[in-house]
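A.B. asks: coordinates for the following, if possible.
(4 chains)
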Amino acid sequence: MKFGIVVNEGPYQHQASDSAYLFAKAAIEAGHEVWRVFFYHDGVNNASRLTEPPQDDRNIVNRWTKLAEEHKVDLVVCVAAALRRGIKEENLATGFRISGLGQLVESGIKCDRLVTFGD
Amino acid sequence: MSDQKKFMFVNRKAPYGTIYALESLEVVLITAAFDQDVSLAFLDDGVYQLKKGMQTKGIETKNFSPTYRALEDYDVEKLYVEKEAMEARGLNEDDFIVGVTVLSRAEMGKLMDEQDVVLSF
Amino acid sequence: MASIEVGGKSYETDEEGYLVNLADWNAEVADYIAKTENIDMTEQHWEVINFLREYFDEYQIAPAVRVLTKAIGKKLGAEKGNSEYLYGLFPYGPGKQACKIAGLPKPTGCV
Amino acid sequence: MLHIVNKSPLTSGTLESCLNTMVDGGDVLLIEDAVYAATAGNAFESKLTAAMGRCKVHVLMPDLEARGLGDRLIAGVASVDYAGFVGLTVSNKNCQSWL
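C.D. replies: All right, here's what the predicted structure looks like:
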């Protein structure tokens, strides 16, 4: 099955981003495709390259990057939400791209299931 | 894109206290451009998003409620308000900035069940 | 931050030339921005610009091109409610270019 | 339809709204702070068990264990891991997160 995932909350502040990641990983392990993860609202902060968690904590941003590299997951950050919150090309982590809200709608159209994580 | 799906946007949060209501409206406007079957559902505190007479000068925030009236131009005409939620907030249809269809909780549940994609903000 | 000089007054703009403070807009500023876009404002251009400003005033959004086309057709007549006419006036798109001249926010939710 | 809820019923009306609105026969999955609803002795227990006649309730076990309540599961609530979560989204034709 083809999955789309929506993340509406920032990393470390809310569990949504962890839940979304673990869901994505489990879906891939079960043989499904995670076609796109769309980051909206404060979720755009998942894409900040400037994130530096302490060494004894999980690195949420790097974890997404790795998922994109290993499983060709398309990580899309909403441009309108990102500009509001200071996420731009220059501080975007590897594997993420900034694009329009149409990419979220497209996920709904093209994927068999769209699962949202947020507050 | 030729395939049309049934999209429902479920709004359960009040405006201004958080940004969800405004950013949800932004997605709705974009979805309309994809020629999908779009409906909006207002439940719980989401009903407050439609209250007319908002005056936001004092909080130095943009009043986005007039935008609900533009939805018609975007061919988004299915706006549903849950009756129980509306009544629990002391509101009635005349309090809303735009025309809506009031549904009972049971009717709302059934409508949700029929959707292909449900986005909740 | 960039800025433009019009009639001896300075107005803040972003890198793409959109006004930062929407309240700064006036007809002279519109004329100036139009020139930077290589557009000579005619009565037909003003019709669209005024329409956009009224629409924004009423609904707090700049309409999508499809919606603008339909609404213009309704208000100014079918011969103007089509994209050939609107793109004829604003070659780079009635969305981006006309909004800029009308002093409306930059459309960000683009598909 | 799969209904995903992530808030404690003791501080938010979300789970109650979900149970009141959803049509009979659906699946409910409790994740994140909603897992507290599935623990024996919580003030929402009777409402949850009443709903279990009309729908199937599942809890995301890793979230319950993380909160130190893995051994307090109300009888009749199904326990799933993330693979089970994925399975529920597959077996239902659509899903909704009650945010």
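
A.B. asks: how far away from the center of its chain is the lowest-mean-pLDDT helix or strand in chain B?
C.D. replies: In chain B, no helix or strand scores lower on mean pLDDT, DSSP states H and E than helix B:20-32, which sits at a mean of 93. How far helix B:20-32 lies from its chain's middle: 9 Å, per C-alpha atoms, centre = their mean, to the nearest Å.

A.B. asks: quick one: residues contacting residue 94.
C.D. replies: Just going to use chain A. Contact analysis of residue A:94 by C-beta atoms under 8 Å, 6 or more residues apart in numbering or on different chains lists A:49, A:65, A:68, A:69. Yep, even glycine has a C-beta here, placed from its N, CA and C like the rest.

A.B. asks: that was the other one, I meant chain D.
C.D. replies: A:113, B:113, B:115, B:116, B:117, B:118, D:1, D:2.

A.B. asks: so the residue most central in space within chain B: helix, strand or coil?
C.D. replies: With distances taken as C-alpha atoms, centre = their mean, residue B:40 lies nearest the centre of chain B, 4.4 Å away. With DSSP: H, G, I helix; E, B strand; the rest coil as the basis, residue B:40 sits in strand.

A.B. asks: right, and it touches residue B:77 too?
C.D. replies: No: Residue B:40 is beyond contact range of residue B:77, at 9.7 Å (criterion: C-beta atoms under 8 Å).

A.B. asks: intersection of neighbour lists for these two?
C.D. replies: Joint contacts of residue B:40 and residue B:77 (C-beta under 8 Å, 6+ apart) are residue B:71.

A.B. asks: show me where chain B has its strands.
C.D. replies: B:6-11, B:37-42, B:78-82, B:101-103, B:117-120 (DSSP state E).

A.B. asks: of those, which approaches residue C:40 most closely?
C.D. replies: strand B:37-42 (39.7 Å; C-beta to C-beta).

A.B. asks: is chain B contacted by the longest helix along chain C?
C.D. replies: In chain C, taking DSSP state H as the definition, the longest helix is helix C:43-59. Yes: Helix C:43-59 is in contact with chain B by C-beta under 8 Å from any C-beta of the partner chain, via C:55, C:58, C:59.

A.B. asks: so who does the last one touch?
C.D. replies: When contacts are counted by C-beta under 8 Å, 6+ apart, residue C:59 touches B:66, B:67, B:69, B:70.

A.B. asks: buried sites along the helix or strand where residue D:86 lies?
C.D. replies: Assigned by DSSP states H and E, residue D:86 belongs to helix D:82-91. For helix D:82-91, the neighbour count (16 or more other C-beta atoms under 10 Å in any protein chain shown) marks D:82, D:84, D:85, D:86, D:87, D:88, D:89, D:90 as buried.

A.B. asks: what's downstream of that helix, the next helix or strand?
C.D. replies: Sequence order places strand D:95-98 as the next helix or strand after helix D:82-91, per DSSP H and E.

A.B. asks: average pLDDT across that next one?
C.D. replies: Averaging pLDDT along strand D:95-98 gives 98.

A.B. asks: quick revisit: for residue D:53, find the nearest of the strands of chain B.
C.D. replies: It is, among these and with distance given as C-beta to C-beta, strand B:78-82, at 23.0 Å.

A.B. asks: the closest one vs chain C: in contact?
C.D. replies: No: if you take C-beta under 8 Å from any C-beta as the test, strand B:78-82 misses chain C, and the best it gets is 15.2 Å.

A.B. asks: now that strand: mean pLDDT?
C.D. replies: Throughout strand B:78-82, pLDDT has a mean value of 98.

A.B. asks: repeat for stretch C:39-53
C.D. replies: The average pLDDT within stretch C:39-53 is 96.

A.B. asks: and of the buried residues of helix D:82-91, the nearest to residue D:24?
C.D. replies: Ranked by distance to residue D:24 (C-beta to C-beta), these are led by residue D:88 at 17.1 Å.

A.B. asks: residues near residue C:54, how many?
C.D. replies: When neighbours are counted by other C-beta atoms under 10 Å in any protein chain shown, residue C:54 registers 13.

A.B. asks: and the residue positioned nearest the centre of chain D, how far is that from chain B?
C.D. replies: Averaging the C-alpha coordinates of chain D gives a centre point, and the residue nearest to it by C-alpha atoms, centre = their mean is residue D:30 (2.9 Å). Distance of residue D:30 to chain B, computed by C-beta to the nearest C-beta, to the nearest Å: 16 Å.

A.B. asks: quick one: contacts for that residue?
C.D. replies: Neighbouring residues of residue D:30 by C-beta under 8 Å, 6+ apart: D:5, D:6, D:15, D:37, D:38, D:57, D:58, D:59, D:60, D:63, D:77.

A.B. asks: contacting residues around residue B:118?
C.D. replies: Listed by C-beta under 8 Å, 6+ apart, the contact partners of residue B:118 are B:7, B:8, B:10, B:112, D:94, D:95, D:96, D:97.

A.B. asks: for residue A:91, that is, sorry about that
C.D. replies: Counting by C-beta under 8 Å, 6+ apart, residue A:91 has contacts A:48, A:49, A:50.

A.B. asks: touching, residue B:28 and residue B:38? I think so.
C.D. replies: Yes: using C-beta under 8 Å, residue B:28 is in contact with residue B:38, at 6.6 Å.
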